[in-house]
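In: Provided below for reference: sequence and predicted model.
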Amino acid sequence: MAGRIVQEDIETVRERARIEDVIGEHVTLRRTGADLVGLCPFHDEKTPSMHVTPSRGFYYCFGCGVGGNVFDFIMRIDNLSFAEAVQQLADKTGVTLRYEDARAGGAPASAPGLRARLLAANQAAAQFFQHELRGADAAAGRALLTGRGFDQEACDRFGVGYAPRGGHDLATHLAKLGFSDDELIKANLIRPNGHWDVFQGRVIWPIRDSSSAVLGFGARKLYDDDRMPGKYINTSETPVYKKSQVLYGLDLARAEIGKQGKAVVMEGYTDVMAAHLSGITTAVASCGTAFGEDHARLLQRLIGAGGSQRGQVVFFFDGDAAGQAAALKVFRLSDQFAADTYVAVAPDNLDPCDLRLARGEAALRDVEGQRIALPLFVMRAVLARFDLDRSDGRLAAVRAVASDVLRAVSDAEQRRGYEDDLARLVGMGVDDVRRITAETLRRAPSGPTRRPSAPVQAEPASQAVLVTPWPNPSDLRLDAERAVCLLMLQYPTFFSTDWNGLSLLDFRHPAYRGVFEAVRSLAFDPNGWGDAVQQATTDPTVRRLELELLVEQPLLAPDEAYVSAYTARLQLIRVTGEIDNLKSRMQRTNPVEHADEHRAMFAQLLDLEQQRRELQQRSLGLPE
């Protein structure tokens, strides 16, 4: 049984797994100074508050307080233990982990290298399927693809393949490559009973993540005697495949989504293929499940936020009742987007793949370019339920749109524009529509149709039970304490070996005092200094504060003089307080009755005044 991972190997993984690259697979990051910023994946937000500092290997969200190193990010976003996170990054960076004797401790939560083995099995399966598509037995599969307008070159581009009908072909092939039955079962490539192939006699699409690792597969029925339920089946949930968190085509579209600030959401594998082949290079699709909240958050993070240009999400729907129902579901998720949301509908109820086949690639691009706002599309779908030739039908229609659509539009000017559209669509005066809408909204105080975004908490809920309070970063009285703690964490080499003579008495706030306690408890080592301080800190409030300070930028580029000046400013606050207290005591002490005590206090006062003058001189030149 494996024991603890050798520390040297952990450090090797940390060096190779650049934090900006790892987080960049999940979030679109944009540079601001020395940092990178993006939308935090751990709470709902529309303005970027997560900072990544590559030079120190840390990330921190100023919105929800989550942060840490590259391992912490993977642990949180993939719900892994520390050992599993190290193993996952080791697999990606090509590091073979060594383990210490297991007798001294427990094993990791999963077998070492399991994720890598499952991904390797999926990759080998994808190559097997792709090879089989060229064989004689795959004639039906090739005919289907050709009939949909996809030649061999297109199939190669998307890795499309074919699963043979034999029942054990894939299992036999992967066994020869050294994969165990247990690994193939966990990857959902073979079934536990009888070790039958999961996919048989179907066209296969590999589903990859943004780094092109094969996570699972989608499969389309070909033969009438196929006993598997459904025209399409997908890989079941596995340690590497979570259908609510993956999008087909993301490996091809991810970079363009971030670059263009736009994503186009299709309904199927062939639609995504048709879109990319037609030049719509940001097309993706959900895999075997409806487009949901996790998909919406994923796209928003990839699109990014901020800047002068709002992003766009375009949903391709069929114009039939099913497409309208899908639009209504997506509309309830649109509050997840800081981007503008649109709907594109092909003419004559054609899906994107059929449109390309019937009218060419330019026709598909034209439909995407002629998109309409999602609220307007939903509005039209609602109106279709009413008889607009009758006055009571028009009144009911306006009320329904106000309740189901306009109530969810928070921007006042945007809502007025939709009211203008609504008046035109129902054939009523704009003033009448606005009056009816206002009345309807006043009578419906229960909240918007869409799920409201979760509020961003300034501090984690768990902090309510902590003894250590959270320091206000805007409190000018604590400015010197905050600055010195930041400098100790980010620029420790600019301090003397005794930390410029600082003591616990120099820190008034318990959180900043906790940072200093952790710092002075360690033997200084410039390698991994930030991580070492974090490991030496047990108080969760102080740990969070350290993370925030590790990514916060100092006012100026520090040097030894800058650090010395800020240290002097902090010590000056303490010395000035001691002088005030001593003067107060002297005023209350009778110099005749307590002559010796008074002389001692006077001598101490002279010494403190000398310290104050020296500290004032050292602190000159700091920014106010």
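Out: Done, it's in.
In: alpha carbons only for contacts and neighbour counts from here, please
Out: Will do.
In: so what's E624 scoring on pLDDT?
Out: pLDDT for E624: 46.
In: M228: how many residues sit nearby?
Out: Counted with other CA atoms under 10 Å, residues neighbouring M228 total 12.
In: Look up how far K221 lies from it.
Out: According to CA to CA, to the nearest Å, M228 stands 8 Å off from K221.
In: Over to W205?
Out: Distance of W205 to K221, computed by CA to CA: 12 Å.
In: who has more neighbours, these two?
Out: W205 (24 against 21).
In: Show me what the helix or strand E8 falls within is packed against.
Out: Take DSSP states H and E as the rule and E8 turns out to sit in helix 7-16. The helices and strands touching helix 7-16, judged by 3 or more CA pairs under 8 Å, 6 or more residues apart in numbering; DSSP states H and E, are helix 82-93.
In: quick one on the thing from earlier: the helix holding E8: which residues count as buried?
Out: Neighbour counts using 16 or more other CA atoms under 10 Å place D9, I10, V13, R14 of helix 7-16 among the buried residues.
In: contacts for the following helix or strand past that helix?
Out: Sequence-wise, the next helix or strand downstream of helix 7-16 (DSSP H and E) is helix 19-24. Under the contact criterion CA atoms under 8 Å, 6 or more residues apart in numbering, helix 19-24 has outside partners L36, V52, T53, P54, G57, F58, N69, V70, F73.
In: which of these tops the neighbour count?
Out: Counting by other CA under 10 Å, top hit in these: V52 with 31 neighbours.
In: Ramachandran coordinates for that residue?
Out: Per-residue torsions, V52: phi -120, psi 130 (degrees, to the nearest 10).
In: now N188
Out: Here is the backbone geometry of N188 (degrees, to the nearest 10): phi 60, psi 40.
In: ends of stretch 132-140, how far apart?
Out: Across stretch 132-140, first to last residue, CA to CA, it's 12 Å.
In: for the lowest-mean-pLDDT helix or strand in the chain, packing partners?
Out: Lowest by mean pLDDT, DSSP states H and E among the helices and strands of the chain is helix 321-331, with a mean of 75. In terms of contacts (3+ CA pairs under 8 Å, 6+ apart), helix 321-331 is packed against strand 312-317, helix 374-383.
In: And for the longest one, what's in contact with it?
Out: For helix 374-383, the external contacting residues (CA under 8 Å, 6+ apart) are 324, 327-328, 331, 341-343, 397, 400-401, 405, 418, 421-422.
In: and if we set it to 6 Å?
Out: The contact list for helix 374-383 (CA atoms under 6 Å, 6 or more residues apart in numbering) reads T341, Y342, V343, A397.
In: so where's the stretch 1-150 of the chain shaky on pLDDT?
Out: Counting by pLDDT under 70, the stretch 1-150 of the chain shows low-confidence ranges at 1-3, 79, 101-113.
In: For it, which segments are assigned as strands?
Out: All strands of the stretch 1-150 of the chain, identified by DSSP state E, counting those that start in this stretch, fall at 30-32, 35-38, 50-53, 58-61, 67-68.
In: Would you mind saying which of the ones you listed lies nearest A163?
Out: Closest approach to A163 among the strands of the stretch 1-150 of the chain (CA to CA): strand 35-38, 40.4 Å.
In: quick one: buried residues of that closest one?
Out: D35, L36, V37, G38.
In: can you give me phi and psi for the closest residue to H131 other than its chain neighbours?
Out: In this structure, H131 finds its nearest non-sequential neighbour in G161, 7.0 Å apart by CA to CA, 6 or more residues apart in numbering. G161 adopts backbone torsions of phi -140, psi -170, taken as degrees, to the nearest 10.
In: In terms of pLDDT, where does G161 sit?
Out: The model reports G161 with a pLDDT of 97.
In: which ones are touching it?
Out: F129, Q130, L133, V203, I204.
In: a markdown table for those, including neighbour count?
Out: Output for those, formatted as a markdown table (neighbours: other CA atoms under 10 Å):
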| residue | neighbour count |
| --- | --- |
| F129 | 24 |
| Q130 | 23 |
| L133 | 24 |
| V203 | 26 |
| I204 | 27 |
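In: what's the closest of the residues you listed to K46?
Out: Checking those against K46 by CA to CA gives I204 as the nearest, at 36.7 Å.
In: re the thing from before, distance to E413 added to the contacts of G161, as JSON lines?
Out: As requested, the contacts of G161 are exported to JSON lines (distance: CA to CA, whole Å):
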{"residue": "F129", "distance to E413": "53"}
{"residue": "Q130", "distance to E413": "52"}
{"residue": "L133", "distance to E413": "54"}
{"residue": "V203", "distance to E413": "49"}
{"residue": "I204", "distance to E413": "47"}
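In: ok, back up a step: just the closest of the contacts of helix 19-24 to A557, please.
Out: T53 (15.4 Å).
In: Now that closest one. Nearest residue, chain neighbours left out?
Out: Of all residues not flanking T53 in the chain, D35 sits nearest, at 5.0 Å (CA to CA, 6+ apart).
In: So the protein: which segments form each domain?
Out: Recorded structural domains for the chain (assignment: automatic domain parsing) are 7-104, 114-241, 247-379, 385-442, 463-618.
In: follow-up on the earlier one: looking at the strands of the stretch 1-150 of the chain, which is nearest to L298?
Out: Minimum separation from L298 across the strands of the stretch 1-150 of the chain (CA to CA) falls at strand 35-38, 12.2 Å.
In: helices or strands up against the closest one?
Out: strand 50-53 (3 or more CA pairs under 6 Å, 6 or more residues apart in numbering; DSSP states H and E).
In: Describe which strands the strand it packs on pairs with in its sheet and in which direction.
Out: strand 35-38 (antiparallel), strand 58-61 (antiparallel) (DSSP bridges).
In: which stretches of the stretch 401-550 of the chain form helices?
Out: 412-426, 430-442, 479-490, 510-520, 529-535, 540-551 (DSSP state H, counting those that start in this stretch).
In: Buried residues in the third one, which are they?
Out: If you call a residue buried by 16+ other CA under 10 Å, then helix 479-490 has these buried ones: A480, E481, R482, A483, V484, C485, L486, L487, M488, L489, Q490.
In: relative to helix 510-520, how tilted is that helix?
Out: Angle, helix 479-490 to helix 510-520, by axes from the mean of the first three to the mean of the last three CA atoms, to 10 degrees: 30 degrees.
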